[in-house]
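K.L.:
sequence plus predicted model, see below.
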Amino acid sequence: MSGPPDEQRTAATRRACLRLVATVSGGLAVGSTMVAAGVIPRHGDGGADSLKIADELAPGETVSFSYPTARDRAIGIRLADGSLVGYSAVCTHLACAVLWRPDGGIAGELYCPCHEGAFDVRTGDVTAGPPPRGLPKVVLVEDPAGGVWAIGTARSGESEEHGVCRQLHDRDPDLAHQAGCDGPTAAPSGPVKEQT
């Protein structure tokens, strides 16, 4: 290469930058294709045993935990009205961490600071930014002593009942039938019966 040393350094820097951008873009494209093809599972795929995530959770409190596997980051929130919600804590855009902002909106919001993504805290649906789909749900229940349990997951756009029935059918079809799940991915047709 001819020219002054400053021009040579600038050209080398541009080439290095373009190589980096091409590598990162290619990696993101390959990763997205693998997730879409089902090679890399999304949060909410597969089932897990119930997991106690807190002895109690007061209104306005959150708890971070891993569910359904140790690699799946999740968040549980007790809203001001007492209801429990749980979600994947991984943004559906580029997998940044999702945080709860209690001062966002009426009940708060789930927020991804990387690219200003926002999700409705009651549904997990996208309310702002670039995320392509809502957050997968983690189904939370409370036991009589106030303990909070993660009992299943639901994919983006899937109801909690549908997700739990899908996973229950995969693990134990007879129990799924007893619980009112009428097919491999059917939601309960009535109240879910407790097993004794």
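P.N.:
Alright, I've got the coordinates.
K.L.:
in stretch 49-60, what's buried?
P.N.:
53-54, 57 (16 or more other C-beta atoms under 10 Å). C-beta coordinates here come from the backbone N, C-alpha and C atoms, glycine included.
K.L.:
typed the wrong thing, it's stretch 137-148
P.N.:
137-140, 148.
K.L.:
what's the closest of these to H93?
P.N.:
Checking the buried residues of stretch 137-148 against H93 with C-beta to C-beta, the nearest one is K137 at 17.5 Å.
K.L.:
distance of L168 from T62?
P.N.:
To T62, L168 is 27 Å away according to C-beta to C-beta, to the nearest Å.
K.L.:
go on, P102?
P.N.:
9 Å.
K.L.:
one more: L51?
P.N.:
Where T62 is concerned, L51 sits at a distance of 16 Å (C-beta to C-beta).
K.L.:
end-to-end on stretch 134-147?
P.N.:
End-to-end distance for stretch 134-147: 27 Å, by C-alpha to C-alpha, to the nearest Å.
K.L.:
equivalent analysis for stretch 88-108, please.
P.N.:
16 Å.
K.L.:
for that stretch, what is the average pLDDT?
P.N.:
The pLDDT scores in stretch 88-108 average 90.
K.L.:
could you do stretch 127-135 as well?
P.N.:
Averaging pLDDT along stretch 127-135 gives 94.
K.L.:
same deal with stretch 158-170?
P.N.:
Mean predicted confidence for stretch 158-170 is 82.
K.L.:
and it, what's buried?
P.N.:
Those buried within stretch 158-170 under the rule 16+ other C-beta under 10 Å are 158, 160-169.
K.L.:
cross those against helices and list the overlap.
P.N.:
Of the positions in the buried residues of stretch 158-170, 160-169 sit in helices, assigned by DSSP state H.
K.L.:
mind putting these in a markdown table, distance to T123 included?
P.N.:
Formatted as a markdown table, those follow (distance: C-beta to C-beta, whole Å):
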| residue | distance to T123 |
| --- | --- |
| E160 | 11 |
| E161 | 14 |
| H162 | 14 |
| G163 | 14 |
| V164 | 17 |
| C165 | 19 |
| R166 | 19 |
| Q167 | 20 |
| L168 | 22 |
| H169 | 24 |
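K.L.:
of all those residues, which comes closest to G108?
P.N.:
E160 (19.2 Å).
K.L.:
I'd say the closest one and V139 touch.
P.N.:
Yes - using C-beta atoms under 8 Å, E160 is in contact with V139, at 4.7 Å.
K.L.:
overlap in contacts of these two?
P.N.:
152, 154 (C-beta atoms under 8 Å, 6 or more residues apart in numbering).
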